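> I'll drop the sequence and a predicted model, then ask my questions.
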Amino acid sequence: MRTDESHFESIKKRLNTTPYYRFLGMEVSEVSPGFARINLPFKRDLLQLAGAVHGGVTASLVDAAVAVALIASVAPETRITTIELKVNYVSPVKKEDVTAEGRIIHKGSHTAVGDVEVRTKDGRLVAKGMATYMIFA
């Protein structure tokens, strides 16, 4: 596993050009081994009928935060995939930006578990999530 800053910058650049991340508006702003911060600016296109950001968007943000934190913790050629995702929605996201911080809390040889908090700019918790990933060595 590489730990130089240029490696983490290349991870950010690669992920920030991913079509799905761009579609949602996600921006990976910080990456280090076992940690990722992803910003999601408000977009009207992400609202559901009741006027809050759709829960699937928040779930995608949780999944992405764990994925990025894990990508920064494994060799560049290692493949990973989600095998379990859980999100507790604490508060609706209205017309506001949110940030997800993901941390790897366990990394074994075949699986990893990450923990995520999604918060508004003023620090209000809107979701708490966990994801389990399969690691293909």
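Noted; the coordinates are in hand.

> report the separation between the residue nearest the centre of the chain and Thr132.
Against the mean C-alpha coordinate of the chain, by Cα atoms, centre = their mean, the closest residue is Ala65 at 1.7 Å. Separation of Ala65 from Thr132 (Cβ to Cβ, to the nearest Å) stands at 14 Å. C-beta coordinates here come from the backbone N, C-alpha and C atoms, glycine included.

> need the residues touching each of the two.
Gly114 (Cβ atoms under 8 Å, 6 or more residues apart in numbering).

> sorry, back to before: how about the residue nearest to the centre of the chain, what does it touch?
Per Cβ under 8 Å, 6+ apart, neighbours of Ala65: 36-38, 100-102, 114, 116, 129.

> so it sits in a helix?
Yes - under DSSP: H, G, I helix; E, B strand; the rest coil, Ala65 sits within a helix.

> check the gap between it and Gly55 for me.
Going from Ala65 to Gly55 by Cβ to Cβ gives 16 Å.

> in strands only, show me the contacts of Ala65.
36-38, 100-102, 114, 116, 129 (DSSP state E).
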